[in-house]
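Generate a structure from the sequence data that follows.
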Amino acid sequence: MKCFQLKALCFCILLSTTAFSQVNEKRQLAAQRINSTIKIDGVLDEAVWKDAPVADKFVSLRPTPFLQESNDNATQVYFLYDNEGIYVGGYLHEKNKDSIASELTGRDGFGANDFLGVVFDTYYDKLNGFEYFVTPLGEQYDAKVSPSGGEDFSWNAVWESKSKLQADGWSFEMFIPYAAIRFGKKSVQDWGLNIVRRRQKSGQQLFWQPIDPNVNGFLTQEGLFTGLQNIKPPLRLQLSPYMSTYLNHDGTDASKGKKRTTATINGGMDVKYGLNQAFTLDMTLIPDFGQVQSDNRVLNLSPFEVRFNENRAFFTEGVELFNKGNLFYSRRIGLEPRFDKYDPRSGNDELIEYPGQAKIINATKISGRTQKGLGIGVLNAITQKQFATFRDPTTQEEYKTENMPLTNYNILVFDQTLKNNSSVSLVNTNVWRSGNDYDANVTSALFDFNNKKNVWNIGGNVSFSNIIEPGKTTTGYAHSIYMGKTSGRFTFNIWQDLFNDKYDKSDFGFFTNNNTMDQGFWAGYAWTKPKGWYNQMRMNINGWYSRLVKPIDIYRRKELMYQGAGINFNFNAQTKKLWWFGVNVNGGPKRNDFYEPRKTGSFFTDKGRVGMNVWWESNFAKKLSWYGSVFGGTGSVFKRRTLELSLGGKVRFSSKFSVDLGTYLSDVTNQAGFAGFDTTASGAPSIIFSRRDLNTVENTLNLKYNFTNRMGLTLRARHYWSKVNPRQFFELDLNGKLQSPTVAFEKNVKQNYNYMSVDMVYTWQFAQGSFLTVVWKDIAETFNREFENNYTKNLGNTISGDQFNSLSLRVIYFIDYLTVRRKMKKK
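Below you'll find the predicted structure:
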């Protein structure tokens, strides 16, 4: 018996030692140059593949870390290169075709797909990388990896790939031209390399260079691709001219006696030019963003603006450098400018037209990284003047006044990578406005340091903002600091953010409020090896405390600098059947809200809160999958009760066709919130709060049909309905308490808001990098003070109301200088 125990112990030690050595052993693959050509057809039948270096013996990260792949699903990936680019071919074995998960989703849409991805760290700084993925049905994904942006799938390169289903798996070939990647000038280069394979039905994720889930970072654990000799970055000049036409019908002007139908034809060009081996100039001339997905508009009851996603490709692709320091909110350029003026000649004049957005004249960005690890980014955009139209009710004269000046937006970034996955950065944003309107400038210095073993981390930033007006400059200060343990099963961090009362980055960044100091902690523990009923399990607890930097109540009382505090407990796990579920419990004591009253110097004291959320997700590899969450909470001075329910599901009828439906319901009763301003019995101004009920319903439907891996049709329809019903009104006193009003508040502050949007998009990639898209958009938006309680009738009223419709066609054609030159030489 003792002998058996000893052997078992030795066997366990051997297994753990093998796993440890697999992770710590740096795998290498020698580069091999070829002189012959390879036809990219997904079949590795060229003779050169037989002698190509092979990456095999993949090791799993999930669900069981460090498990060697079996012979039935073995992976072989081959690498070759020539003067034009990198060739990658592979054979991914399976027991049969039924083991392969495949779905046509369109570019950069992973869906329920198996995939193979190649990751190159061309500067071998363990911070920045390029990813290229291919699926069994031949669809492509690509991404740029950076510390600030993670995996950025909005980055798109032009490269070739083909896949082919086999009886015992699937095979693929890729060709990544040097124009689709960035690298240095060295005559002999070693690149960081890793290869990832996803087997969706089994939940397996395997890597060529094993990944330890308890170690900080992904690129920090990469292998090596060695001995690339005499590769030269080509002349990178790529033009993408476009033509588009729109037929728009704007029924929202019906209230003004107008129904506008307009037709427009537009043309412009996107330009990519390699300034040298590392830096690229991107420019959009006369940009056209009319086909981007509609925003998820909501009823905003908060004192702060809503942050929406950026859907314009130019401002999402390759912007990882500009996201350093969190100073860049690209929607400020054109979509949501911070500054506008309402300037009629007389207060009685009628507003006819008021542009809420500014037209972009052009936008340019230059970005790249030197061989020594210095990243440089410059983005510049110009928006033209906008004019509001008014009408004099007496003379009926219509006139225009400038409501937005000519504006130049600029951001400059320097980012130096250091050893141990560390970096220092300097970021400057500048907004210049023509005329006497104010300008804005923000500068931030950042650092992020890791120790040699990649276990401990410390970082932060110091920022200064300047609001520049004629004869006056207001300077603000901010800083952030964080430190913690980033590797191991137990990790934690502590942090502090401070913004003084003059700091303001909102002209080019997203910013809600200054004069605040927040600090907190986060601590978590992970079980990453499967055991019993779970594959992995994680738990964390975090808390925060917030206070003002300077007192702002009317009496400047230092004891009223406290804002709020909170604590959260989170638990989540994945089961052996690849289901996820989690629980969140949160709460906090009473708080002082200095923003909800909408008047500087006033505050509202609310009582404590407690809440609990439970969520789950089924196995998305199944043809039928679903998810949901339930939240319940209580708190506030009126004993607020909150109940939220979210349910959704997806049905994949085939690899081509799927339907996805999601529903969100929210019921809040006895919520305390700002209602308006009034006067007291003595004639003094007063702030009115209400005890109100808030109900929200949101339904989102997604339909997708892909004809081929280059052609597809999608439809996204969303209806959002939110209504506010005040039950009782109160006056806010100087001590933050709610009192019975001295004068009855008679304003109607009920709110009933509907927003419905439909986006139907047909996309055809008719050539490499070239697309034809047809888009139909329908938008309906209503707001009133009397509402319909019946959801069906409310939806019907929205559909039958005034709407904006747009039908557009856009053709963009990709022209690569090197490809054109090669074709001309052949002639």
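
going forward, measure contacts between C-alpha atoms and count neighbours the same way
Fine.

quick one, what contacts the nearest residue to residue 765 once chain neighbours are set aside?
Of all residues not flanking residue 765 in the chain, residue 771 sits nearest, at 4.4 Å (Cα to Cα, 6 or more residues apart in numbering). Residues near residue 771 by Cα atoms under 8 Å, 6 or more residues apart in numbering: 763, 764, 765, 811, 812, 813.

now do residue 686
Here residue 686 is in contact with 677, 678, 679, 680, 731, 732 (criterion: Cα under 8 Å, 6+ apart).

hmm, 7 Å instead?
677, 678, 679, 680, 731 (Cα atoms under 7 Å, 6 or more residues apart in numbering).

May I have the phi/psi pair for the most centrally placed residue in the chain?
Centroid-nearest residue in the chain: residue 309, 7.0 Å away (criterion: Cα atoms, centre = their mean). Backbone torsions of residue 309, given as degrees, to the nearest 10, read phi -70, psi 150.

so what's it closest to, chain neighbours aside?
Per Cα to Cα, 6+ apart, closest to residue 309 is residue 295, 7.4 Å.

And the helices in the chain?
2-24, 791-800, 817-826 (DSSP state H).

What residues sit buried inside the second one?
Judged by neighbour count (16 or more other Cα atoms under 10 Å), helix 791-800 contains these buried residues: 794, 795, 798, 799.

now these in CSV, with distance to residue 393 and pLDDT?
Formatted as CSV, those follow (distance: Cα to Cα, whole Å; pLDDT from 0 to 100):
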residue, distance to residue 393, pLDDT
794, 35, 88
795, 36, 89
798, 31, 89
799, 33, 89
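
Dump those to a markdown table, plus distance to residue 513.
Formatted as a markdown table, the buried residues of helix 791-800 follow (distance: Cα to Cα, whole Å):
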| residue | distance to residue 513 |
| --- | --- |
| 794 | 36 |
| 795 | 36 |
| 798 | 35 |
| 799 | 37 |
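
among those, which two are most distant?
Pairwise distances across these (Cα to Cα) peak at 8.8 Å, for the pair 794 and 799.

Contact partners for residue 576?
By Cα under 7 Å, 6+ apart, residue 576 lies in contact with 533, 534, 535.

Just the buried residues of those residues.
534, 535.

Identify the residues contacting residue 724.
Applying Cα under 7 Å, 6+ apart, the residues contacting residue 724 are 692, 693, 694, 695, 750, 751, 752.

OK, contacts around residue 558?
Contacts of residue 558 by Cα under 7 Å, 6+ apart are residue 551.

So it versus residue 456, what's the distance?
Distance of residue 558 to residue 456, given as Cα to Cα, to the nearest Å: 37 Å.

now residue 316
Residue 316 is 31 Å from residue 456, by Cα to Cα.

give me the number of residues near residue 182?
22 (other Cα atoms under 10 Å).

now do residue 289
Residue 289, neighbours per other Cα under 10 Å, totals 12.

Just the pLDDT for the residue lying closest to it once chain neighbours are set aside.
Excluding the flanking residues, the one nearest residue 289 by Cα to Cα, 6+ apart is residue 312, at 6.3 Å. At residue 312, the model reports a pLDDT of 90.

I figured residue 312 hits residue 291, correct?
No. The criterion here is Cα atoms under 7 Å, and residue 312 misses it with residue 291 at 9.0 Å.

Neighbour count for these two, which is higher?
residue 291 (22 against 18).
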